[in-house]
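Colleague: structure, please.
(4 chains)
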Protein chains: 2
Amino acid sequence: MTAPQDPETSFPGPPRPETPADGPTGSSAAPAEATGGAPEDPLRLVFAVFNEIGIVDQLASTRFTRVLPDGLQLSMFTVLNHFARLGGERTPLELARAFQVSKGTMTHTLQRLEARGLVAIRPHGSDRRSKIVSLTEAGRQTREAAIEALRPEAERLTALIDPQALADLLPGLRRLRETLDRAREGEPPPR
Amino acid sequence: MTAPQDPETSFPGPPRPETPADGPTGSSAAPAEATGGAPEDPLRLVFAVFNEIGIVDQLASTRFTRVLPDGLQLSMFTVLNHFARLGGERTPLELARAFQVSKGTMTHTLQRLEARGLVAIRPHGSDRRSKIVSLTEAGRQTREAAIEALRPEAERLTALIDPQALADLLPGLRRLRETLDRAREGEPPPR
DNA sequence: TGACCTTGGTTCGGTGTCGAACCATACTGT
DNA sequence: ACAGTATGGTTCGACACCGAACCAAGGTCA
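Modeller: Presented below is the predicted three-dimensional model:
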């Protein structure tokens, strides 16, 4: 009873023409070839996809955040995990780029992590504008604990979702992310 | 040069085991049945998927928000669009559920929309605890304008992405959203 | 009828994020 | 050498969102 969630949810769609069913919405003859399931209006498609993505992200995020130990936030956990998995050290800017967030956002996240002693930040030797961030032992442990806290939740999901379906989604999502990222180039150099 | 974005990005994953590559996850010693691409560690899969989804959502949202007319926010636009597409009237709670946001969040969004005269809110006749929200003419026009503002952006994307790929993603995302939503039942009655 | 629970909305405090403005330290070219 | 520009970080003001506390009006049931 919790999800009325009408089928034709929220996001855009073409101005007026209530989609009859799907028949080539009168509107100008299908622009491209009848690619089998080629949706009449690409606009609508784009919005539908991003709409679903937005909701999924929200549901999943709050879900995971809720079970994270302490007040550990997803953003913090993500950074810890990055270090634990890939090792080494990074500058704040590198991290910001890796997670696709603004410099300001990363500054904030790092400040919180440092305040908790989960990462160490020291000045960069050669370039004095920069800094170097590294994982502390406490950070490593916290990350370990977080993983364990997350595991049951993730397992509950895989029990409901069918891993194969997720696996099938992954490549497409990755390409989408890459495209979106690439499309962002050329305009905002800093970020 | 804007996206180092290491392949094995951010999100969890099992404690140590550096993922070899990924593809259909060669790792055959799958714990369960060899479901073809059954990923060794479901944990990792889950996180990888949600990680991608999170980034895509973020990139797409800021992208769309940036071109929205006035200071119209995605959250507001989404509500306007919902009304324009489906017609009728709704109570705040119905809207909150349709968009999967908390009651408080919807209250906030509606207050902003009302302040701009884009929706009208009147008391519900029979149930005096409730209210009824409807789209105003100004709201309809604003939504129309927003769609036009969004169109070029969306078209730029469909030029880069291949609509078919998006279309292929949609069903899976929908199911994921539905599952996540359903999984949320039983616990938090209000939201 | 009256106590108790449920349900629709609002308010409040805390978090993440963005974008723009701002510093300080590199780097470049003339 | 020195202005001019680029680059790494921080700060600030807006938003959206969540979750918990709170209110008011609706039900329930004995």
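
Colleague: output stretch A:98-105 as PDB, nothing but the C-alphas.
Modeller: Extracted in PDB, the C-alpha atoms of stretch A:98-105 (Å, rounded to 0.1, in the frame of the first residue of the first chain):
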ATOM      1  CA  ALA A  98      36.800  10.400  -8.600                       C
ATOM      2  CA  PHE A  99      33.400  10.900  -7.000                       C
ATOM      3  CA  GLN A 100      32.200  13.600  -9.400                       C
ATOM      4  CA  VAL A 101      31.500  16.100  -6.700                       C
ATOM      5  CA  SER A 102      32.600  19.700  -6.500                       C
ATOM      6  CA  LYS A 103      35.700  20.800  -4.800                       C
ATOM      7  CA  GLY A 104      33.700  22.400  -2.000                       C
ATOM      8  CA  THR A 105      31.800  19.300  -1.300                       C
END
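
Colleague: report whether that stretch contacts chain B.
Modeller: Yes. Counting by Cβ under 8 Å from any Cβ of the partner chain, chain B is contacted by stretch A:98-105 at A:98-101. The way it works is simple: take the backbone N, C-alpha and C, and place the C-beta from them, glycine included.

Colleague: figure out how far that stretch is from the centre of its chain.
Modeller: 12 Å (Cα atoms, centre = their mean, to the nearest Å).

Colleague: what about it, average pLDDT?
Modeller: Mean pLDDT, computed over stretch A:98-105, is 96.

Colleague: please apply the same query to stretch A:168-180.
Modeller: pLDDT averaged over stretch A:168-180 gives 92.

Colleague: do it and chain B meet at all?
Modeller: Yes. Using Cβ under 8 Å from any Cβ, stretch A:168-180 reaches chain B at A:168-170, A:172-180.

Colleague: tell me which of those fall in helices.
Modeller: A:168-170, A:172-180 (DSSP state H).

Colleague: quick one, what contacts the spatially most central residue of chain A?
Modeller: Most central residue of chain A, judged by C-alpha distance to the mean C-alpha position with Cα atoms, centre = their mean, is A:D57 at 7.0 Å. Neighbouring residues of A:D57 by Cβ atoms under 8 Å, 6 or more residues apart in numbering or on different chains: B:50, B:53-54, B:57.

Colleague: now A:G54
Modeller: When contacts are counted by Cβ under 8 Å, 6+ apart, A:G54 touches B:57, B:60-61.

Colleague: look up how far B:R66 lies from it.
Modeller: Per Cβ to Cβ, to the nearest Å, A:G54 is found 16 Å from B:R66.

Colleague: do A:V56 as well
Modeller: Here A:V56 is placed at a distance of 22 Å from B:R66 (Cβ to Cβ).

Colleague: compare those two (neighbour count), which wins?
Modeller: A:V56 (26 against 8; other Cβ atoms under 10 Å in any protein chain shown).

Colleague: what's the helix or strand for that one?
Modeller: Assigned by DSSP states H and E, A:V56 falls within helix A:42-67.

Colleague: what is the helix or strand just after that helix packed up against?
Modeller: Using DSSP H and E, the helix or strand that directly follows helix A:42-67 along the chain is helix A:74-86. Packed against helix A:74-86, as judged by 3 or more Cβ pairs under 8 Å, 6 or more residues apart in numbering or on different chains; DSSP states H and E, are the following elements: helix A:42-67, helix A:92-99, helix A:103-115, strand A:119-123, strand A:131-135, helix A:137-161.
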